[in-house]
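Asker: take this sequence and fold it.
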Amino acid sequence: MAFGGAQASYINPVVPFTGMIQGGLQDGHKITIIGTVLPSGGNRFAVNLQTGHNDSDIAFHFNPRFEEGGYVVCNTKQRGSWGTEERKMHMPFQRGYSFELCFQVQSSEFRVMVNGNLFTQYAHRVPFHRVDAISITGIVQLSSISFQPPGIWPANSAPITQTFVHTIHSTPGQMFPNPVIPPVVYPNPVYQLPYFTSILGGLYPSKSILVSGTILPSAQRFYINLRSGSNIAFHLNPRFNENAVVRNTQINGSWGSEERSLPRGMPFFRGQSFSVWIMCEGHCFKVAVDGQHLFEYHHRLKNLPAINNLEVGGDIQLTHVQT
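Answerer: A predicted model of the protein is given here:
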């Protein structure tokens, strides 16, 4: 299950958490954190993009504070000394609610996205390539930390997060003594098929979904459906008996016209593992298989927030889902 050297995701890491960023940050790098703000236990959490395990050199300190109406502090620490704070007097997070927090590295600044919306921009005060670790503390519970290196998509194509799965077994309060990636453990299949789950908040531009599994040796077909009520907004249906990857939409019980064209051959193989990333954009879904961009599917159902359920079934063992 090789993705050409992509950084491994941390799944369900225990806070406080410190982990390495393989190869350090690069222009175009993206880090996505999915988690939930705890309803009690304190007033703050922080994400630090730093050098090494200790916190004496932090290139970017992102620190939401649920105090005085709520605000976010951004800062840089060099050789143990803090610089001048930048405060954003707006709180995009809510206690007890989940969030998607993205850091995009650009040549002159960090861009911070919260739940798909640009929240702030923070000009680099130190060279960002010094950053080789991420630390998270405070009143959050984490689902995943994923990494997208630059250059996965072709020119003029928006990127999609490229992910390996690490399952991290930790005890409460445990913190890795050094910023190193723990050994890879692919869990045994625990998903019953057909699998059905909700997509919290529905879809929106930049929202991505990951489905990973292993195709049965005798497989005929499997499917991934993004549903809006009784309608299927996006039906992804690899068919081994037809050597095709069929895409379609079903509205009021009726299928539309199929799309089958691919830029290369069949990307799925019987008996082998796979990983499908679906990125929602404003006008289409972008789909990557095993880290390689495969096709775009233009939206036929335009109400993206109403597309709020995922369904997976067919001749596979399902090993990981991230919505």
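Asker: please make it C-alpha for all contacts and neighbour counts, starting now.
Answerer: Noted.
Asker: run the chain-centre distance for stretch 85-93.
Answerer: Stretch 85-93 sits 23 Å away from the centroid of its parent chain (Cα atoms, centre = their mean, to the nearest Å).
Asker: ugh, wrong one, stretch 14-25
Answerer: 15 Å.
Asker: can you show me the helices along the chain?
Answerer: Shown for the chain, no helices are assigned by DSSP state H.
Asker: grab the nearest non-local neighbour of Asn309.
Answerer: Ser198 (4.3 Å; Cα to Cα, 6 or more residues apart in numbering).
Asker: how about that neighbour, what does it touch?
Answerer: 308-310 (Cα atoms under 8 Å, 6 or more residues apart in numbering).
Asker: let's see 10 Å
Answerer: Taking Cα atoms under 10 Å, 6 or more residues apart in numbering as the contact definition, Ser198 lies against 226-227, 307-311, 323.
Asker: same thing with Gln78?
Answerer: Residues counted as contacts of Gln78 (Cα under 10 Å, 6+ apart) are 50-51, 55-59, 125-126.
Asker: Throw together a PyMOL command that grabs the buried residues out of those residues.
Answerer: Buried members of the contacts of Gln78 can be picked out in PyMOL with the line below, counting by 16 or more other Cα atoms under 10 Å:
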select buried, resi 50+51+55+56+57+58+59
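Asker: check the contacts of Gln78 and tell me the two furthest apart.
Answerer: Asp55 and Arg125 (16.1 Å; Cα to Cα).
Asker: count the neighbours of the residue lying closest to Val72 once chain neighbours are set aside for me.
Answerer: Of all residues not flanking Val72 in the chain, Pro64 sits nearest, at 4.2 Å (Cα to Cα, 6+ apart). With neighbours defined by other Cα atoms under 10 Å, the count for Pro64 comes to 23.
Asker: tell me who's in contact with Pro64.
Answerer: Pro64 makes contacts with 43-47, 70-74, 87-88, 90-93, 138, as judged by Cα under 10 Å, 6+ apart.
Asker: now swap in Thr84 and tell me
Answerer: 74-77.
Asker: any idea of the pLDDT on the residue nearest to Asn309?
Answerer: At Ser198, the pLDDT value in this model is 92.
Asker: gap between it and Asn225?
Answerer: 12 Å (Cα to Cα, to the nearest Å).
Asker: quick check: phi and psi on the residue lying closest to Gly313 once chain neighbours are set aside?
Answerer: Spatial nearest neighbour of Gly313, chain neighbours left out: Pro194 (4.3 Å); criterion: Cα to Cα, 6+ apart. For Pro194, the backbone dihedrals (degrees, to the nearest 10) come out as phi -70, psi 140.
Asker: what about Pro194, how many neighbours?
Answerer: A count of nearby residues for Pro194, using other Cα under 10 Å, gives 13.
Asker: got the contact list for it?
Answerer: Counting by Cα under 10 Å, 6+ apart, Pro194 has contacts 223-224, 311-315, 318.
Asker: check the gap between it and Phe240 for me.
Answerer: Applying Cα to Cα to Pro194 and Phe240 gives a distance of 19 Å.
Asker: sorry, back to before: which residues are common contacts for Ser198 and Asn225?
Answerer: 309-311.
Asker: going by neighbour count, list what's buried in stretch 230-242.
Answerer: By neighbour count with 16+ other Cα under 10 Å, stretch 230-242 contains the buried residues 231-240.
Asker: lowest-pLDDT helix or strand in this protein?
Answerer: strand 164-167 (a mean of 37; mean pLDDT, DSSP states H and E).
Asker: sorry, back to before: in JSON lines: the shared contacts of Ser198 and Asn225, plus neighbour count.
Answerer: Shown next, in JSON lines, are these (neighbours: other Cα atoms under 10 Å):
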{"residue": "Asn309", "neighbour count": "21"}
{"residue": "Leu310", "neighbour count": "21"}
{"residue": "Glu311", "neighbour count": "17"}
